[in-house]
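**Student:** here is my input; please provide its structure:
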Amino acid sequence: MKKVKNFLITMLAITCLLMSSMTVVAAAPEDTVENRVVETIDADVTSISEELSEEAPSASARSIYGYAAQYTNPLRGSFTVNAPGSGNSTGTFQITTHDFSGSPTINAVLYRPDGSYATQIYISGNGTKTATFSNAVAGTYEIVYAVGGTNAGWISAWVSS
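**Tutor:** Model prediction:
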């Protein structure tokens, strides 16, 4: 009986020793796989960060934005567009004309908040035109318009950068 007991203790010790060494052997490949996964994730995060850095200028390009519309009766006049935000070097002035009958010529001139001339758009009839201008600062822009003809309609204006 004593021999059987010693045999079982010896077998149990060998089994424990083998199992402990198998766990270590099994853990080594998992650690390697984890390192590979982390390296792959780091590479993807780096490439995503680089893509975001490349897109950052276009994402921040629109730093001011404003909209207003005016019915052109009388056929000469002005209205303002408030464009809050922070200044930018290049701005965009866009007008859309609609509800004009015929094809009158519309002239819309944009003035910066300090009163200086920014840009001008000529358009015939109903449609959309865009012009760029420099020194786009935040503030209230004035649009002075004149309609060549006898028909009134709407001018919608956007100022952005």
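
**Student:** where in the protein is pLDDT low?
**Tutor:** Along the chain, the parts satisfying pLDDT under 70 run over 1-62.

**Student:** quick one: the strands in it?
**Tutor:** Under the criterion DSSP state E, the chain contains strands at 65-71, 76-83, 88-98, 105-111, 117-124, 127-136, 139-148, 154-160.

**Student:** so for the longest one, what gets flagged as buried?
**Tutor:** Meaning strand 88-98. Using 16 or more other CB atoms under 10 Å as the burial criterion, the residues of strand 88-98 that qualify are 88, 91-97. C-betas here are computed from N, CA, C, even on glycine.

**Student:** in CSV, list the residues you listed along with distance to residue 150.
**Tutor:** Below are those laid out as CSV (distance: CB to CB, whole Å):
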residue, distance to residue 150
88, 39
91, 33
92, 31
93, 26
94, 26
95, 20
96, 21
97, 15
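
**Student:** surely residue 142 touches residue 111?
**Tutor:** Yes: taking CB atoms under 8 Å as the definition, residue 142 is a contact partner of residue 111 at 4.4 Å.

**Student:** got the contact list for the residue nearest to residue 77 when sequence neighbours are not counted?
**Tutor:** The shortest distance from residue 77 to any non-neighbouring residue, by CB to CB, 6 or more residues apart in numbering, is to residue 145 (6.3 Å). Residues counted as contacts of residue 145 (CB atoms under 8 Å, 6 or more residues apart in numbering) are 70, 72, 76-79, 106-109, 155.

**Student:** many thanks, I have nothing further to ask.
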